[in-house]
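J.: model this:
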Amino acid sequence: MSERQKLAELLRKCSRNFFLDQGKEVHGAVVRKGYGFDLMVNNDLIDIYGKCGRMSHACEVFDGMLERNVVSWSSLMCGYLHEGNAKGSLSLFGHMGFSGVKPNEYTFSTNFKVCALLGVLENGMQIHGLCTKSGFGGYHVVGNSIIEMWKNQ
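T.: From the prediction side, this is the model:
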């Protein structure tokens, strides 16, 4: 396992256990060792900061990324949702649409939860249409979130 992979795994362990202080230490090592622009490591940083309620840090990492993928976007959306900022997640979903990055099943699932929380059925129906066109409608995580969205309306 490479040094970069070890750092990413440490960040994941910190994230799973909500070890913010240790995650910050690993973040420092990431920067010192020159992995500050690594996509995988940055995604893990967004995840830990989002889960630990440090959205300003998560946004700072996201904003500084040279490239972003669906994990980057979805992790930040989940952080907003975890923080209780459903509007922030839905807004980010809209921005993602202009980025060229396509949503996946987790992106859709997160935003169906957001629509349920906000009570914005119209947005949920639009996202549902996009989800179906994208081929993710049959995924269990998506189906469960759609059911929850409709139940909560």
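J.: what's the domain layout of the chain?
T.: According to automatic domain parsing, the chain comprises the domains 1-67, 86-153.
J.: Kindly check the end-to-end length of the first one for me.
T.: Right, the one you point to is domain 1-67. Distance between the two ends of domain 1-67: 23 Å, counting by Cα to Cα, to the nearest Å.
J.: Flag every buried residue along the lowest-mean-pLDDT helix or strand in the chain.
T.: Here the helix or strand of the chain ranked lowest by mean pLDDT, DSSP states H and E is helix 140-151, holding a mean of 92. Neighbour counts using 16 or more other Cβ atoms under 10 Å place 142, 143, 145, 146, 148, 149 of helix 140-151 among the buried residues. For every residue, glycine as well, the C-beta is placed using N, CA and C.
J.: Quick check: the gap between residue 78 and residue 6.
T.: Separation of residue 78 from residue 6 (Cβ to Cβ, to the nearest Å): 24 Å.
J.: circling back: looking at the buried residues of helix 140-151, spot the one nearest residue 130.
T.: Closest to residue 130 out of those is residue 142 (11.3 Å), distances taken as Cβ to Cβ.
J.: my read: the closest one touches residue 111, true?
T.: No: applying Cβ atoms under 8 Å as the test, residue 142 and residue 111 come out as separate, 10.2 Å apart.
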